[in-house]
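>>> turn this into a model:
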Amino acid sequence: MFVSRSVPYIRNILWAEGVLFCLSVPQVAAHLIENSASYVEHEVLLSAIYVGLGYVFFVGLTALAAAYGLEQNRRWSPRALRISAVVNLPIVPIGSLIGAWCLWLTINRQARAQLIDEVILVSAGGQASRKRISSRHSSWPERFALIAQFTAGLLLIPVMAERMKAQGSPALGYWSFIAAFIGAVVGGILCHELGHVIAGSLAGFRFQALSAGPLVASHLSDNWRIQWVNSSGLWNGMTIMSPSGPNALRTRAVIFVAGGPLGSLICGAAALGMMFAAPQLQWGGAAEFFGMLGVIELINGAANLIPFRVPGGFTDGARLVQLIGKRPEGQRFLAELAFGLSDTTTLRPKDWHPQWIQAVTEDETSPGFSLGCYHAYVYHLDRGEIDDASVWLARCMDSHRALRRDPYRSILAIENAFFEARHMKNLDAAKEWLSVPRVGIPAERFTILRVRAAIHIAEGERELAGEVITNALRLHAMSPATGRQQFERAVLRDVEDWLDELTGAGSLSRLAQAVRERDTLIAASKALEPPQSPIQRLLRPPS
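So this is what the prediction gives:
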């Protein structure tokens, strides 16, 4: 558990360290050049300071290289991590701790296996197999666009800070600058995703989840949930919305996708306007924060309109080209949106169009392939086709993003735990899947209870399973009757029947259910009868 959490944490720490060092060192060096006479009189000492700053800048570059290698699952990532660890050790005390942690990850056998992306996958049949998963290499245009975006921010932010200083605005201190930069990055991601939310709401979509950095807000069937997670698949931001109807889905999807870049550009322009107005309004150091936010958002908004593939998906510009040009990836995206109709209407997964399933599963190199396999699993499970469901679930978890970077990691893991317990009768594999850390988009509470009930039955804890099923039924009674909820209720009913078969109470349970349904039908029919007049009640024969 500790090792599985250490790798994503150290990757995010290296990203933060690299950005921090590469942004702060040029500012410190420029300040020293302007004021060296007032700080240091000896040229030897001043030269030593410049050498130290150069070394810190080099440490930042190695940290960025190691973080990038880990993010992209490159074969050279362990070597880059080892180099970053060694050069970090002399920077006492924080760098020494980071270096020691990185060295331990490169030495520990389990951690090193995860670093080189050798993941032990448990298939739906319960057999463990070791696979080396390869990642898709980015093309040169994509690399150039990402490097240009990073370089533009690296150059424009110090220029903006110097301009505000020349206009008389007070400069932020070292740590204030770092805090403002992190806030600007997270705030920029939030503005971009809120652009998607506003545009999607105008287009008739219903909000489900939003992530901005480590924060994830989800609207589940019973409540709202706010989480602080550490998932690399969510750090770049993500918005999940479902259409309220199937009409004009392509047009509404274009509006939904275009809302993100538009939100970034509007936010960037507004932030720059506040930056120029800050000296007159006497906002102090807030001017530099608005300047950073404006630069970051304008760069991100423009870069997002460039159509190319990025780690984990596509830019919004690429999505727009795919949707408008009716390309296969655009059809896949529309099918993913169509599956969301089960969250907003009474459309059951078993009634999904087969062409939707084909669109999301025909391209194994697509970033959404693992999620497409999951939807194929749900489709066949709702139709009672257990063998087909088993095949698609196994393909889903064999996908290279299924466990490490997929935002739906938690949902995929607990669904594997359910299938192993209920249909494969493999309790050990079920418990292993259930122990996967809960990060990413959360599952519904009645889904988690359904999985736990199946595991309790497999363990022989039948009374505890009955209590869990009762709690799940209570949640179902409070949830809207959507197609997804009806599917979950049907699967829970299958777990109930399994428990009844093991306890020998199946016939009595079904009889009691029939009596309850009869009483409910009689009560409903009486409620629909017109009220009787006093004379009719007087002439009614005694019962």
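
>>> toward the C-terminus, what is the element adjacent to the longest helix along the chain?
Identified as the longest helix of the chain according to DSSP state H is helix 2-39. As assigned by DSSP states H and E, the chain's next helix or strand after helix 2-39 is helix 43-72.

>>> ranges for the strands of the stretch 101-250 of the chain?
Along the stretch 101-250 of the chain, the segments classed as strands by DSSP state E, counting those that start in this stretch run 118-122, 128-132, 205-212, 215-219, 224-228, 238-243.

>>> would you turn these into a markdown table with mean neighbour count and distance to residue 343?
Where you see a C-beta, it was placed from the backbone N, CA and C, and this is true even at glycine. Below are the strands of the stretch 101-250 of the chain laid out as a markdown table (neighbours: other CB atoms under 10 Å; distance: least, CB to CB, whole Å):
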| stretch | mean neighbour count | distance to residue 343 |
| --- | --- | --- |
| strand 118-122 | 16 | 28 |
| strand 128-132 | 10 | 33 |
| strand 205-212 | 20 | 7 |
| strand 215-219 | 17 | 10 |
| strand 224-228 | 11 | 15 |
| strand 238-243 | 23 | 5 |
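
>>> could you find the closest non-adjacent residue to residue 27?
Excluding its sequence neighbours, the residue lying closest to residue 27 (CB to CB, 6 or more residues apart in numbering) is residue 158, at 5.6 Å.

>>> same thing with residue 393?
Nearest residue to residue 393 in three dimensions, chain neighbours excluded: residue 377, at 4.4 Å (CB to CB, 6+ apart).

>>> quick check: buried residues in the helix or strand containing that neighbour?
In the assignment (DSSP H and E), residue 377 maps to helix 369-382. The neighbour-count check on helix 369-382 (16 or more other CB atoms under 10 Å) flags 369-382 as buried.

>>> any chance of JSON lines for the residues you listed, columns pLDDT and distance to residue 81?
Converted to JSON lines, the buried residues of helix 369-382 look like this (pLDDT from 0 to 100; distance: CB to CB, whole Å):
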{"residue": "369", "pLDDT": "86", "distance to residue 81": "28"}
{"residue": "370", "pLDDT": "84", "distance to residue 81": "26"}
{"residue": "371", "pLDDT": "87", "distance to residue 81": "29"}
{"residue": "372", "pLDDT": "91", "distance to residue 81": "32"}
{"residue": "373", "pLDDT": "91", "distance to residue 81": "31"}
{"residue": "374", "pLDDT": "92", "distance to residue 81": "31"}
{"residue": "375", "pLDDT": "94", "distance to residue 81": "36"}
{"residue": "376", "pLDDT": "95", "distance to residue 81": "36"}
{"residue": "377", "pLDDT": "95", "distance to residue 81": "35"}
{"residue": "378", "pLDDT": "95", "distance to residue 81": "38"}
{"residue": "379", "pLDDT": "96", "distance to residue 81": "41"}
{"residue": "380", "pLDDT": "96", "distance to residue 81": "41"}
{"residue": "381", "pLDDT": "95", "distance to residue 81": "40"}
{"residue": "382", "pLDDT": "94", "distance to residue 81": "44"}
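
>>> what's the following helix or strand after the strand or helix carrying residue 416?
Using DSSP H and E, residue 416 sits in helix 409-422. Counting by DSSP H and E, the next helix or strand C-terminal to helix 409-422 is helix 427-434.

>>> residues in contact with that next one?
122, 126, 413-414, 416-418, 420-421, 451-452, 454-455, 458-459 (CB atoms under 8 Å, 6 or more residues apart in numbering).

>>> emit the PyMOL select command for whichever of those are buried.
Applying 16+ other CB under 10 Å to the contacts of helix 427-434, the buried members can be selected in PyMOL as follows:
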select buried, resi 122+413+414+416+417+418+420+421+451+452+454+455+458
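
>>> perfect, I'm done here.
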